[in-house]
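*Asks:* Structure for this input, please:
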Amino acid sequence: MKKLIAIAGICLVSVAAFADTKPSDASLNELLTLTDSKALVDGMWPQVEGMMNNAAKQALGNTTLNNEQQKVMEDANAKVAAVFKEEFSYDKMKPMMVSIYKESFSQEEVDGMIAFYKSKAGQAVTKKMPIVMQSTMANVQAQMSTVIPKIQKIQQDAIEQVKAKAK
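*Replies:* Numbering: from 1, shown residues only. Below is the predicted model of the structure:
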């Protein structure tokens, strides 16, 4: 009887350990492929560049730039965008993503996600997510045009208060 209880205990421990098994790199790579993660990362750059351009315009305020100044700003924005694209490229992000997924999900959960993304509903999510992200970024960008002046006003008020208290 003691042996039977011991065997049952070992089986339960084995099942519990299996439930928390870290997902394999192969399954995570399959999940990232099914979710078209590369297209999502690559697809965000036009919106990021748009936000950067708007932020630069907001920072300049009502300043009108001549053609040479405009060219300098465009070149600077292009250089910043290039740095972002290089440093946050899918190839550089993928190992980090795999690591995060591996620490966050079990093999069973990844298997469930793979099954979902292979389904019609999952394929619809994958196809439509870039559009959802693009719309989200456009809306955030529009909101930033009202948020940035508020932030600038708070910062300017704080600077004035600091200067006043220095006297």
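
*Asks:* contacting residues around the most centrally placed residue in the chain?
*Replies:* Geometric centre of the chain, nearest residue: Val41, 7.7 Å, by CA atoms, centre = their mean. Val41 is in contact with Phe88, Ser89, Tyr90, Met93, counting by CB atoms under 8 Å, 6 or more residues apart in numbering. The way it works is simple: take the backbone N, C-alpha and C, and place the C-beta from them, glycine included.

*Asks:* Looking at those residues, which one is closest to Asn139?
*Replies:* Closest approach to Asn139 among these (CB to CB): Phe88, at 21.5 Å.

*Asks:* number of nearby residues for the closest one?
*Replies:* 14 (other CB atoms under 10 Å).

*Asks:* Next one, pLDDT for it please.
*Replies:* In this model, Phe88 is scored at 86, pLDDT.

*Asks:* Skipping its backbone neighbours, what lies nearest it in space?
*Replies:* Val41 (7.4 Å; CB to CB, 6 or more residues apart in numbering).

*Asks:* how much space between the one you found and Leu60?
*Replies:* Using CB to CB, to the nearest Å, one obtains 30 Å as the distance from Val41 to Leu60.

*Asks:* Then Asn53?
*Replies:* Counting by CB to CB, the gap from Asn53 to Leu60 is 11 Å.

*Asks:* Of the two, give the one with the bigger neighbour count.
*Replies:* Asn53 (16 against 12).

*Asks:* where does the more buried one fall, helix, sheet strand or coil?
*Replies:* At Asn53, secondary structure determined by DSSP: H, G, I helix; E, B strand; the rest coil is helix.

*Asks:* which other helices and strands contact the helix or strand harbouring Met137?
*Replies:* Assessed by DSSP states H and E, Met137 sits inside helix 120-166. Applying 3 or more CB pairs under 8 Å, 6 or more residues apart in numbering; DSSP states H and E, one finds that helix 120-166 contacts helix 37-43, helix 45-60, helix 107-118.
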